[in-house]
Every structure is written in C-alpha cells, then in structure tokens.
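Engineer: Provide a 3D model corresponding to the input given below.
(one chain, ligands or ions: 1)
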Amino acid sequence: GEGRLWGGRFADGPAEALAKLSASVHFDWVLAPYDIAGSRAHARVLHKAGLLTADELTRMLAGLDLLEEDVASGDFVGTVADEDVHSALERGLIERLGADLGGKLRAGRSRNDQVATLFRMYLRDHARTIGGLLAELQDALVGLAEAHPDVAMPGRTHLQHAQPVLFAHHMLAHVQPLARDAERLRQWDTRTAVSPYGSGALAGSSLGLDPEAVAADLGFEHGSVGNSIDGTASRDFVAEFAFITAMIGVNLSRIAEEIIIWNTKEFSFVTLHDAFSTGSSIMPQKKNPDIAELARGKSGRLIGNLTGLMATLKALPLAYNRDLQEDKEPVFDSCETLEVLLPAFTGMMATLTVNRERMEELAPAGFSLATDIAEWLVKQGVPFRVAHEVAGECVKVCEAEGIELDQLTDDQFAKISEHLKPEVRTVLNVPGALASRSGRGGTAPSAVAVQLAELKADLATQ
Ligand code: ARG
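Structural biologist: Residues are numbered from 1 along each chain as shown. Down below sits the predicted model:
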C-alpha cells in the first residue's frame, strides 16, 4: 500500500482499471485551496487537543503554506494514483514535511467530513459570484425599464394579444423572478453556513477535537453540524444549489425565448447589438440571436444536472457511499455554465434597441381594448356578465367589417347596446387603458414607477 491512504490491510495495490474508475482528481482539484484551509484549521484543533506541539503546529502551517504556493503555481499537481484531491494534498504535505510530521494531520478527520465541508465552501463562493452576476442582469433589465418609462406594447396570454401593457412593466416582470432567485441564493447560503468538519468518517472523533473552532476558522457563521452521520451523508445543500441554478437557467430561457421572437422580422420589437449577435457562414444577411438560443439550450443542461444529482441521492443509505463522488461534476458544471452565460446575456440585454413605434403600433391591435369596454360598462352599473357579452359583440362587428374597436360609429355602438354611449371612446386608446390600471402591481405608469423603485431598493441591498 505504498503512498496510499488505506494501504495497511491490502497485500496488492489497486488494479489499473479500478484506479482509473476511482480517480476524481481531474475534477476535484478545484477544491485544493479549500482543502488546505481545512487542513490549517484542523492542525489548530489538533494542537488545542494536545496532539501537536506548538513547534509541530508552526512547522505544519509552514508546510501547508509551501504546499499552497506550489498548488497555485502548478508545481504540485495531483495524479490518477492519488485518487482524489485530499489524498494528493496529503502526499504533497508529507513530501514537504516528512512522514513523521506530515502523517499526523490525518488524525481525527476523514475524507468524508473533509469533502462535505470543502464542497460547501466551494459552492458558497460560487453562490456569491453567481449572485453578483445575477444582480448585473437585474440592473440591465431595470435600466431598460427606466429608459423606456412610457412605451406601450401588446401584452399577451396564450401568445395572443390580450391587453396593452407598459414595456417597462414587462421587463420588470422578468426582474421579479431573478430577484427571488438572488434571494434563494442568499437563503441557501445561510442554511449552508454549517460545517461538517469533525464528523470524521461518520461517527465523530474520539480525540477531543473542537468542530465549532474549525467551523469558525473556515467562515461557517452557523457553527458545526448537529449530527456527524448527517454531516457526512447529506447532500441536500448540493441539490438545492442545483435547483436554484436550474431555476435561474429556466428564468433566463423565458426571457431568451421572447428575445428570439421579438428579434424576428415579423415582430421587429428589438434589434440586437452587433457585438452580441452572430452571423451565418453562408447567408450574408443573417444576424442571429445566438446568446438567447444558447441560454435556452443551456437551461436544459442545468435541469439535467439537478435531475442527475437527485437520481444519485435517491435511496442512498446512510452514511457516506462512494456514489457521492458523483455529486460534484454536475454542480461544478452548473457554476461554470452560469458564470459564462450570465455576462453574455447581460451584455445582450443591456445593448439591445427597443423599436418603440412597432410596439406601440401593435399595442391596440387584435382588439386588445375589448376588456376596457367591458370594464367601462361595469362602471356604468352594467353587470359584468352582460358587459362581457356586449364587448364581445363589438369585436364581432369589427371582425366582420375589418375595423378596430375605436372605429365603431356612435350608431354601431348604440345598435350593439343601449349602454354603449360615445363616451366609451375615452378608454378605447392605449394610454387611457394603461393609466386606468393604477392599483398596486398594475401596468399604469404610476404603478410601474412604484415597482421600479421597490426593485431598485432591493437591488441596492444585494
Ligand atoms: N473523493 C471522495 C468524494 O468525492 C471523497 C473520498 C471519500 N472516499 C472514501 N473512500 N471514503 O466523495
């Protein structure tokens, strides 16, 4: 068992096929800085427990500093034979300090509690990075809303014209879920600020080590875990992180889909900046919304990462099982995916041009003011059931004559219903329809201004 962490009871080394299957060092090497931080904290509690002398602690910390430099410079790297980052770094420490001192650090810890702790540290850092990138996207969308405070557009349900809305209202409707995702990340971080170090393989340690001291040392604000079995076996913190990143992907894909549609010749609602669109190798006229399409595609990948992880965890008995080595690549990929996607997506949104004329031309089309006729009638004391019927009749006449609602004559109105006085025309225009929806959360410019202020205040605290 030369050089391996578990050689003692084995007569033979692992088969090459096993070593190849078992190795994780090619992907878990990103945990190396966290592993070294964990080793420093562990050395300190070993010293506090009387298991390292003051001199040994000093030399141990110096050895870890050296190892950290060599890892950072690339002078020290793990190999397939090391199996994983934890064993590689123990080898590195022993190479620098000798086996007598270097071999003392493993007392009272296991790769099981190490990996559970370091993985939390890694994801907490990336949660902050992703939260920052998400704030930049929210800023870009809020900026679009702010720059177009009075532009109307057709609001849709079932992708059909429904009622006119403010473009700013629609943009902020995309900001709201992103703000909730950012909040989810912050709440996840609070829940994940608990350290499993000191759980050992599963049962805790008999050496009188102080898990709370390690937790404080490693920046876990909420101390150490209450159950060593749970500390080493649970990965719901990973699944929850994978969900939040998948949800961000799904939310981006809903914006993306609209951008793709709005960018078509038929819609022509927006024009993408050249720097954030791509051309075609054969069709010289093409300008494609690839960023939006990639966002739409990558949302599938993020969902896959979540789903694969859940399948790995399903029915897994307590405590640690090697299956759990499959927990890292999916979420490492989710981090990488969002950290590459979000800046491009933000750039695309921040630089697109809004075609105000086109949006406003279509805002009243498709009889999108029919609800306004019905609600005007309700204000005249007509029951909504009747009002709905009457407004529907107006649409029917318009469709037959090929005209819009505001082109109905006084006579036509009167013929449809005695309640339809010429004054109904006051609501048959887009600005009037928008301004009338002034309750909280509505599309009136005054209500949207309130929403904008709330979102900006929320963003300022992120
Ligand atoms: N590399 C493993 C993982 O990522 C940690 C090592 C635990 N291995 C073990 N045989 N107990 O989960």
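
Engineer: so which residues of this protein form strands?
Structural biologist: Taking DSSP state E as the test, the strands found in the chain are 152-157, 160-166, 270-271, 353-354.

Engineer: contacts only, for whichever residue of the stretch 251-400 of the chain sits closest to the ligand.
Structural biologist: Relative to the ligand, the nearest point of the stretch 251-400 of the chain is residue 325 (3.9 Å; C-beta to the nearest ligand atom). C-betas here are computed from N, CA, C, even on glycine. Contact analysis of residue 325 by C-beta atoms under 8 Å, 6 or more residues apart in numbering lists 24, 84.

Engineer: pLDDT below threshold where in the chain?
Structural biologist: 1-3 (pLDDT under 70).

Engineer: quick check: domain ranges of it?
Structural biologist: Domain assignment for the chain by automatic domain parsing gives 16-107, 112-149+157-361, 364-461.

Engineer: adding distance to residue 9, write those domains out as TSV.
Structural biologist: Listed next are the domains of the chain as TSV, based on distance: least, C-beta to C-beta, whole Å:
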stretch	distance to residue 9
domain 16-107	16
domain 112-149+157-361	15
domain 364-461	56
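
Engineer: right, and the ones you listed - which one's nearest residue 4?
Structural biologist: Nearest to residue 4 among the domains of the chain is domain 16-107; the distance by C-beta to C-beta comes to 7.3 Å.

Engineer: quick one: residues contacting the closest residue to residue 367 other than its chain neighbours.
Structural biologist: Nearest residue to residue 367, sequence neighbours excluded (C-beta to C-beta, 6 or more residues apart in numbering): residue 395, at 4.8 Å. Contact partners of residue 395, counting by C-beta under 8 Å, 6+ apart, are 367, 370, 405.

Engineer: before we move on, back to that, could you measure from the residue of the stretch 251-400 of the chain closest to the ligand over to residue 201?
Structural biologist: 15 Å (C-beta to C-beta, to the nearest Å).

Engineer: cool, and residue 409?
Structural biologist: For residue 409 relative to residue 201 (C-beta to C-beta), the value is 85 Å.

Engineer: more crowded one of these two?
Structural biologist: Comparing residue 409 with residue 201 by other C-beta atoms under 10 Å, the one with more neighbours is residue 201, at 16 against 10.

Engineer: now for the residue nearest to the more buried one when sequence neighbours are not counted: which residues touch it?
Structural biologist: Once flanking residues are discounted, residue 201 sits nearest to residue 110: 4.1 Å by C-beta to C-beta, 6+ apart. For residue 110, the contacting residues are 199-202, 232, by C-beta under 8 Å, 6+ apart.

Engineer: can you redo those residues as JSON lines with distance to the ligand?
Structural biologist: As requested, those are exported to JSON lines (distance: C-beta to the nearest ligand atom, whole Å):
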{"residue": "199", "distance to the ligand": "12"}
{"residue": "200", "distance to the ligand": "11"}
{"residue": "201", "distance to the ligand": "7"}
{"residue": "202", "distance to the ligand": "10"}
{"residue": "232", "distance to the ligand": "9"}
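
Engineer: of those residues, grab the buried ones for PyMOL.
Structural biologist: Buried residues among the contacts of residue 110 (16 or more other C-beta atoms under 10 Å), as a PyMOL selection:
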select buried, resi 199+200+201+202+232
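
Engineer: what about the contacts of residue 110, which are in helices?
Structural biologist: Those of those mapping onto helices are residue 232, per DSSP state H.

Engineer: now, among the contacts of residue 110, which is nearest to residue 282?
Structural biologist: residue 232 (55.7 Å).

Engineer: you'd agree that closest one is up against residue 204?
Structural biologist: No. Look at residue 232 against residue 204 with C-beta atoms under 8 Å: they stay out of range, at 10.0 Å.

Engineer: so which of the strands of the chain is nearest residue 139?
Structural biologist: With C-beta to C-beta as the measure, strand 353-354 is the member of the strands of the chain nearest residue 139 (16.9 Å).

Engineer: centre of the chain versus the closest one, how much separation?
Structural biologist: On the basis of C-alpha atoms, centre = their mean, to the nearest Å, the separation between the geometric centre of strand 353-354 and that of its chain is 26 Å.

Engineer: what parts of this structure come near the ligand?
Structural biologist: Contact residues, the chain versus the ligand (C-beta under 6 Å from any ligand atom): 24, 28, 84, 111-112, 115, 320, 322, 324-325.

Engineer: got a quick PyMOL command for the buried subset of these?
Structural biologist: Selecting the buried subset of those in PyMOL, with 16+ other C-beta under 10 Å as the burial test, is done by:
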select buried, resi 24+28+84+111+112+115+320+324+325
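
Engineer: what two of the residues of the chain next to the ligand are the furthest from one another?
Structural biologist: Of all pairs drawn from the residues of the chain next to the ligand, the one with the longest distance (C-beta to C-beta) is 28 and 320, at 14.9 Å.

Engineer: so which elements touch the longest helix seen in the chain?
Structural biologist: Using DSSP H, we find that the single longest helix of the chain is helix 111-147. Counting contacts by 3 or more C-beta pairs under 8 Å, 6 or more residues apart in numbering; DSSP states H and E, the secondary-structure elements packed against helix 111-147 are helix 32-48, helix 85-97, helix 167-192, helix 228-233, helix 236-262, helix 328-351, helix 445-461.

Engineer: can you give me the buried ones in it?
Structural biologist: 111-124, 126-127, 130-131, 133-142, 144-145.

Engineer: and for stretch 382-395?
Structural biologist: Within stretch 382-395, the residues scored as buried using 16+ other C-beta under 10 Å are 382, 387-388, 390-391, 394.

Engineer: now do stretch 21-29
Structural biologist: 23-25, 28-29.

Engineer: now the end-to-end length of it.
Structural biologist: 16 Å (C-alpha to C-alpha, to the nearest Å).

Engineer: look up how far residue 182 lies from residue 192.
Structural biologist: From residue 192 to residue 182 the distance is 16 Å (C-beta to C-beta).

Engineer: what's the distance between the residue nearest to residue 449 when sequence neighbours are not counted and the ligand?
Structural biologist: Leaving out its chain neighbours, the residue that sits closest to residue 449 by C-beta to C-beta, 6+ apart is residue 149, at 7.4 Å. From residue 149 across to the ligand, the span is 52 Å (C-beta to the nearest ligand atom, to the nearest Å).

Engineer: got the contact list for residue 149?
Structural biologist: Residue 149 neighbours (C-beta under 8 Å, 6+ apart): 166, 168, 445, 448-449.

Engineer: can you give me the neighbour number for residue 327?
Structural biologist: 21.

Engineer: now do the most far-flung residue of the chain relative to its centre against residue 421, distance only.
Structural biologist: In the chain, the greatest distance from the average C-alpha position (C-alpha atoms, centre = their mean) is reached by residue 411, at 56.3 Å. According to C-beta to C-beta, residue 411 stands 12 Å off from residue 421.
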